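Participant: build the 3D model from these lines:
(one chain, ligands or ions: 1)
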Amino acid sequence: MILLGLALLACWWVLRQQHYLPWLAAGFILPSLALGAQSLMSNDELARWSVTTGILYLGGAWALAHGLAQRHGGSAHPRVALLIGVVTLAVLYRYSVLSDELWIRIYALNTGLALMYLLPARCLLRRAERHDRLERLLRMSYLLSAVYAVLRPVVIAIMMPSGEIAMLSRSGYWLLTLAGALLLSMWFMLVLLACTTRDVLHTLRQERDRDPLTHLLNRRAFFESAESTLRDPRKAPWALLVCDIDHFKRVNDTWGHAAGDQVLQSVARVLLAQVRHDDLVARFGGEEFMLLLSRADLAQAQAIARRIQLQLAHTRPSAIEGTVTASFGLTPLASHEDLLHALDRADRLLYQAKRSGRDRICTALAEAAR
Ligand SMILES: Nc1nc2c(ncn2[C@@H]2O[C@H](COP(=O)(O)OP(=O)(O)OP(=O)(O)O)[C@@H](O)[C@H]2O)c(=O)[nH]1
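Facilitator: Numbering: from 1, shown residues only. From the prediction side, this is the model:
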């Protein structure tokens, strides 16, 4: 479990983005230390060290709950956790130092742990996206561990012969239920690692394929996706639309670079809102955007470009006064055609639009695309 905790820390180290990972790692490492120490102790020593090991268990349980709550955008209620911790530790102290009552300590600790685990239950029970089975498995595994923490002392109390209580930590029932808890923990950890690895891969892929400012595809991802789009005959006919914001330099010079960034984000939103979900929208750098429209003949593509133009005229980014306009180059695209040639044609049409006064759409005749 310590190794798995270290693996989570390594995932965090790679990206430094998933801030919940160190908490989850602590949630596995702290109780492992307590468990390792306890397995070497006699009943007397268990009593003497019960507050210390209790702190490690409870701290670990809250770290786990807090990490999971962070991951799902919820809270593990630190004040309630503090209250649970203080009460549990007080009971552990009372029934170890003042009078040695092993069972009360076991019940108190397990109840405290279960309550800690259940702190983020509300955000975990919120519906995960329907298709995300791994995420649902993670939540269910976690809640199962919490329920097991409540049931474990009851199972031990019912099943363990009274003769074995003298050497509790060596008892077969104790070890059996402990193995159950460990297996559940390891299972949860494996699901968590699978989710984390998936998240890390997703983030890396986003960084490779997306423009960080607008989150649109970047040039590389556009070419990769365009290749497969153009191979799919169900998506024919296609059109290539290049869009370039007019006088963008003036926006930067007048309102500042941050305002320019906001304008780029607004334009990106307009583009995405006006196309289908499987159309490709990319930022090619600067203030130039490229769209590959599927199932769109020239007339349909022109209608889309006009919609974008109209929508831009109604968009007022808060960082600037007024609106921005854009110029467009639009050309049909055949599946067998070299994409670079089509891009070149679209670019020439764009410059034609710029030269003829901007805020307009220049369209290639369909024949030119053949
Ligand atoms: N804010 C911001 N500005 C950028 C970014 N990338 C490029 N620019 C700026 O975009 C401006 C582009 O200027 P130009 O190429 O002269 O184009 P323009 O002013 O839009 O003129 P026309 O295209 O001819 O209408 C430059 O000032 C760049 O510095 C960016 O990511 N953010």
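Participant: show me which residues of the stretch 151-300 of the chain sit near the ligand.
Facilitator: Within the stretch 151-300 of the chain, the residues that sit near the ligand (Cβ under 6 Å from any ligand atom) are 213, 244-249, 252, 257, 260-261, 264, 286-287. To be clear about C-beta, it is placed using only N, CA and C from the backbone, and glycine gets the same treatment.
Participant: any idea which of those is closest to residue 338?
Facilitator: residue 244 (22.0 Å; Cβ to Cβ).
Participant: check which helix or strand covers the closest one.
Facilitator: Following DSSP states H and E, the helix or strand that holds residue 244 is strand 238-245.
Participant: ok, that strand: who's next to it in the sheet?
Facilitator: The pairing partners recorded for strand 238-245 under DSSP bridges are strand 288-293 (antiparallel), strand 326-333 (antiparallel).
Participant: rewinding a little: buried subset of the residues of the stretch 151-300 of the chain next to the ligand?
Facilitator: Applying 16 or more other Cβ atoms under 10 Å to these, the neighbour count classes 244-246, 248, 252, 260-261, 264, 287 as buried.
Participant: got JSON lines for those, with distance to residue 339 too?
Facilitator: Below are these laid out as JSON lines (distance: Cβ to Cβ, whole Å):
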{"residue": "244", "distance to residue 339": "19"}
{"residue": "245", "distance to residue 339": "23"}
{"residue": "246", "distance to residue 339": "26"}
{"residue": "248", "distance to residue 339": "25"}
{"residue": "252", "distance to residue 339": "30"}
{"residue": "260", "distance to residue 339": "29"}
{"residue": "261", "distance to residue 339": "29"}
{"residue": "264", "distance to residue 339": "24"}
{"residue": "287", "distance to residue 339": "22"}
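Participant: just checking, residue 281 touches residue 304?
Facilitator: No. Applying Cβ atoms under 8 Å as the test, residue 281 and residue 304 come out as separate, 11.2 Å apart.
Participant: mind listing the shared neighbours of these two?
Facilitator: residue 275 (Cβ atoms under 8 Å, 6 or more residues apart in numbering).
Participant: in this structure, where is pLDDT below threshold?
Facilitator: 127-131, 160-170, 365-370 (pLDDT under 70).
Participant: now the helices for it?
Facilitator: 2-15, 21-38, 43-48, 50-71, 78-93, 102-118, 121-125, 133-159, 172-209, 219-231, 248-255, 257-274, 298-313, 339-355 (DSSP state H).
Participant: which one of these lies closest to residue 332?
Facilitator: Using Cβ to Cβ, the nearest of those to residue 332 is helix 298-313, at 5.2 Å.
Participant: can you give the contact residues for that closest one?
Facilitator: 239, 241, 243, 267, 270-271, 273-275, 293, 296, 323-326, 328, 330, 332, 359, 361, 363, 366.
Participant: list the buried ones in stretch 260-274?
Facilitator: Result for stretch 260-274 [16+ other Cβ under 10 Å]: buried residues 260-271, 274.
Participant: excluding chain neighbours, give the residue nearest to residue 280 in space.
Facilitator: residue 292 (4.1 Å; Cβ to Cβ, 6 or more residues apart in numbering).
Participant: my guess is the one you found meets residue 333, correct?
Facilitator: Yes. Using Cβ under 8 Å, residue 292 is in contact with residue 333, at 7.4 Å.
Participant: give me the common contacts of the two.
Facilitator: What both residue 292 and residue 333 touch, as defined by Cβ under 8 Å, 6+ apart, is the set 238-240.
Participant: out of the helices of the chain, deepest packed?
Facilitator: helix 50-71 (a mean of 23; mean count of other Cβ atoms under 10 Å).
Participant: nearest to the ligand: which residue in the stretch 201-350 of the chain?
Facilitator: residue 260 (2.6 Å; Cβ to the nearest ligand atom).
Participant: surely residue 76 touches residue 118?
Facilitator: No. Using Cβ under 8 Å as the test, residue 76 is too far from residue 118 to be in contact (9.7 Å).
Participant: got a list of what the closest residue to residue 364 other than its chain neighbours touches?
Facilitator: Sequence neighbours aside, residue 331 is the residue nearest to residue 364 in space, at 3.9 Å (criterion: Cβ to Cβ, 6+ apart). Going by Cβ under 8 Å, 6+ apart, residue 331 touches 239-240, 342, 345-346, 349, 363-364, 368-369.
Participant: do residue 263 as well
Facilitator: 245, 248, 251, 317, 319-320, 324.
Participant: switch to 7 Å and redo it
Facilitator: Residue 263 makes contacts with 245, 251, 317, 320, 324, as judged by Cβ atoms under 7 Å, 6 or more residues apart in numbering.
Participant: many thanks, I have nothing further to ask.
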